[in-house]
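Participant: Fold the following.
(2 chains)
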Amino acid sequence: MAARAIWKGSLVLGKHEVPIKMYSAVQDRAVHFHLLHDKDLTPVEQRIVRKDNGREVAKEAQRKAFPLDGQRAVILEPDELAQLAPESDRAIHLLRFVPRDALGDEWFDRPYYLGPDEKGDADYFALASALAGKERIGIARWVMRDKRYVGALAVGDDGYLRMTTLRRSEQVLDVPAVHPDKARTPSPAEIKLAEQLVDSITGPFSPEEWHNEYRERLHKLIEAKAKGTKLKLVAAKPKEATSDLTESLRASLAQAKGKKVA
Amino acid sequence: MRSFWSGTITFGLVSIPVDLFAAVVPRQKSMKLVDEEGHPLGRRYWCPKHEKVLDDDELVRGYETDAGKMVVITDEEFASAAPEKSRDIELKRFVAVDDIPPYFFDRPYFLAPDERAGKAYALLAETMAKTGKAGIGSFVMRDHEYLVAIVSEQGMLRAEVLRYLDELRTPEAVGLPKAAKADAARVRALAKEIDALAEAKIDAAELADLEAETLRKFAEQKAKSGKGVISMADLEGDEDDAASSAQVIDLVQVLRDSLGASAKKAPATKSAAKKTNAPAVKKAATKKAARSAG
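Facilitator: Presented below is the predicted three-dimensional model:
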C-alpha cells in the first residue's frame, strides 16, 4: 500500500518552482508495551498534574513558560503563541547548494522523501537529474504546519529527492580537540598495525547485513513467555581493558587473516 | 556528571572502555509546562482502578499478543534478551564514512575514554581519522538496540546512531512513481539555478533557530510589562528533569581525567547551551501509557 503524503508544497530555486509531495522516509519498528500497575495489571494512564500537590490540570489550563534566563520565565498564552506562529507559503526555499561534506553527520535529524506532484512530474525528475550531476546538497527553509524547518535536499542513487531536516545550530555541541598525553599516545608502529587490522575487515556499507537482534530476541522471548515457557535469565559480564596493545593488535591481525571477511 | 551508557568498544582483540554522552541538546525553544498561575506541571502515571498516582517501581511492561493476551516482561527479562550487547560494541566491519547515506544517521553521541582505556582510545581515533573510515557495530541501551558508526573528529570518537534498513521506507513502499524522462533543456535550466546558489560552506545563520528567537523577543517584551513573569527557581531541579537533563556536560574535564588530555575547547554551541537531555522519549500517543523497546 502506498504511503500518504504528509504535506504538499513547492521547491523554489531562483525563478523555478517544482511542485512536490512530502512523505516520511522512516517507519517505527520498535516493540510497543503497555504500562501496567504491578498490583493487578491495570493499564495506567498519563496525567498532567501540579508537582506540588499532585492535582490533575486540564488541558485548557495548561500553559507554556519560556525561560528568559536562570531566574525568570514568562508564561505565553495560547493566543500569543498562535500570533507568533510563522505563516506558511507552501514554499521550500532553497538558500544555497554546498558540497556534501560541508555538513557533518551530526546535523541530520529526520529524512523525508520528496515525490512529484501530479502536475509536475517532469520538473521533479529534471531537478533530481540536475542535482545528481553536482555532488552537492541544497540547504532549504520552509514552514510546515505552523513550524519552521531547515533541511538538506539530496538525491539518492535511486534518483529520488530526499529532504533531511537539520538540527539547529544551538543544538549541536562542538567537539573538544583531544590531545592525549605521551603515555596514552600510540606509537607509529601500533597505528600501522591498527590500519592493517582495519583494512582486513573493511568492506562496503551493506545495511542489509545488520539486523536488530535484540528486537528479534525480544519477540521470541515474548512468544515463549506467552506459551508459559520458563525463561533462563542471563546477566552481562564486563570486559577487561586491553593491557598489551601491540600484542593484541598482532594477535587480532593473525586471527583476521585466518578467517577472511566475506 | 553521568553518562548514558558505559561499556567497551572492541575491534579484533583490542578493547576500549568508554562512556557515552549526548552530542546534541534539546532546542532552545523548549518550554516549561505550567498552569495558569505558573505552578510547574509534570507527567504522572495514574491507575484509574485504584485512583492513585503510581511511582516508577509500581509499573510493569505488558505486551498484548494478537490473541489479546497480556504478557508481562520483567526488567531482568528485557536485560536477558541480549546481555553481551549491553556491555560491548563489537566493531565487526569498517566502511568509508562517505559510503553511509545521510538518511541513515539518527543521533550522535560522544564517546569519552574510561580511565582504563590507555592508548587504545587514541589509537582507534587516529586510525579512523587517517583512513576516513567508520567502525560499524551495535549495542543495547535502555532496552533498545542501536546500530552505530564509530567515527573520529579532532581526536574524539563519536558514536553515530544509524537507522536499521527496515526502519527506512523504500521508494516502492512509499509509492513514488517510476522515473520519468527529464527534458534536457529543463535539466540544464535547473542545473544553472543550482550553480547560481552554489557556495563552499554552510552559513550558520541559516541554521539558527528562528522560532526560538521570535519567542525570546516576544517573551522579553512581555516581561517588561511584568505580566506572566514567574520564578525559574520553582521550575528547575525537579525530579522530572533530574532523570533526563540534570547532567551538565563538562567533557573537557572527563577527557582530562581519563586521558591526561589537553582538551582545549569546551563543548559549547553558539548559544553556549550546556544542558543535555536523554534520547527523546516517545510520548504515548493514546491515553493509555505505553513504552517501546527493541
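Participant: Tell me which helix or strand the residue minimising distance to the centre of chain A sits in.
Facilitator: For chain A, residue A:109 is the residue whose C-alpha lies nearest the centre (CA atoms, centre = their mean; 4.5 Å). Element membership for residue A:109 (DSSP states H and E) is strand A:108-116.
Participant: Briefly note if that strand comes near chain B.
Facilitator: Yes: counting by CB under 8 Å from any CB of the partner chain, chain B has neighbours in strand A:108-116: A:108, A:111, A:113, A:115-116. Bear in mind the C-beta positions are built from the backbone N, C-alpha and C, glycine included.
Participant: got the residue ranges for the helices in chain B?
Facilitator: Assigned by DSSP state H, chain B shows helices spanning B:75-80, B:120-131, B:171-174, B:184-196, B:210-225, B:239-244, B:251-259.
Participant: is it true that residue B:84 touches residue A:236?
Facilitator: Yes: contact criterion CB atoms under 8 Å: residue B:84 and residue A:236 qualify, at 6.6 Å.
Participant: Looking at the two, which one has more neighbours?
Facilitator: residue A:236 (16 against 13; other CB atoms under 10 Å in any protein chain shown).
Participant: show me what contacts the more buried one?
Facilitator: For residue A:236, the contacting residues are B:79, B:83-84, B:86-87, by CB atoms under 8 Å, 6 or more residues apart in numbering or on different chains.
Participant: Please list which of these are also close to chain A.
Facilitator: Answer for those near chain A (CB under 8 Å from any CB): B:79, B:83-84, B:86-87.
Participant: For burial, what's the neighbour tally of residue B:184?
Facilitator: 10.
Participant: can you pull the pLDDT of the residue in the stretch 51-200 of chain B positioned nearest to chain A?
Facilitator: Relative to chain A, the nearest point of the stretch 51-200 of chain B is residue B:175 (2.6 Å; CB to the nearest CB). Here the pLDDT value assigned to residue B:175 is 94.
Participant: Tell me where the stretch 101-250 of chain A has helices.
Facilitator: Assigned by DSSP state H, counting those that start in this stretch, the helices in the stretch 101-250 of chain A fall at A:121-132, A:188-200, A:213-226, A:245-258.
Participant: which one of the ones you listed is the most hemmed in?
Facilitator: With neighbours defined as mean count of other CB atoms under 10 Å in any protein chain shown, the helices of the stretch 101-250 of chain A peak in mean count at helix A:121-132, which reaches a mean of 22.
Participant: Give the rounded mean pLDDT of that helix.
Facilitator: 93.
Participant: what packs against that helix?
Facilitator: strand A:16-24, strand A:108-116, strand A:147-155, strand A:161-166, helix B:184-196 (3 or more CB pairs under 8 Å, 6 or more residues apart in numbering or on different chains; DSSP states H and E).
Participant: Of all those, which one is nearest residue B:64?
Facilitator: Nearest to residue B:64, of all the helices and strands packed on helix A:121-132, is strand A:16-24, at 25.0 Å by CB to CB.
Participant: which helices and strands sit right next to the closest one?
Facilitator: Using 3+ CB pairs under 8 Å, 6+ apart, strand A:16-24 sits against strand A:7-13, strand A:108-116, helix A:121-132, helix B:184-196.
Participant: mind running it again at 10 Å?
Facilitator: strand A:7-13, strand A:91-99, strand A:108-116, helix A:121-132, strand A:161-166, helix B:171-174, helix B:184-196 (3 or more CB pairs under 10 Å, 6 or more residues apart in numbering or on different chains; DSSP states H and E).
Participant: Need these in CSV (columns: distance to residue B:92).
Facilitator: Shown next, in CSV, are the helices and strands packed on strand A:16-24 (distance: least, CB to CB, whole Å):
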stretch, distance to residue B:92
strand A:7-13, 39
strand A:91-99, 31
strand A:108-116, 24
helix A:121-132, 32
strand A:161-166, 27
helix B:171-174, 28
helix B:184-196, 39
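Participant: Out of these, which is closest to residue A:199?
Facilitator: strand A:91-99 (26.9 Å).
Participant: what about the helix or strand bottoming out on mean pLDDT in chain A and chain B, touching?
Facilitator: Lowest on mean pLDDT, DSSP states H and E among the helices and strands of chain A sits helix A:245-258, with a mean of 87. Yes: applying CB under 10 Å from any CB of the partner chain, one finds helix A:245-258 in contact with chain B at A:245-256.
Participant: for the residues you listed, which one is nearest chain B?
Facilitator: Using CB to the nearest CB, those come closest to chain B at residue A:252, 2.5 Å.
Participant: Give me the nearest residue to the closest residue to chain A within the stretch 1-150 of chain B, chain neighbours excluded.
Facilitator: Nearest residue of the stretch 1-150 of chain B to chain A: residue B:12, at 2.5 Å (CB to the nearest CB). Counting by CB to CB, 6 or more residues apart in numbering or on different chains, residue B:12 lies nearest to residue A:252, which is 2.5 Å off, once chain neighbours are set aside.
Participant: For residue B:134, see how far away the one you found is.
Facilitator: Residue A:252 sits 18 Å away from residue B:134, taking CB to CB, to the nearest Å as the criterion.
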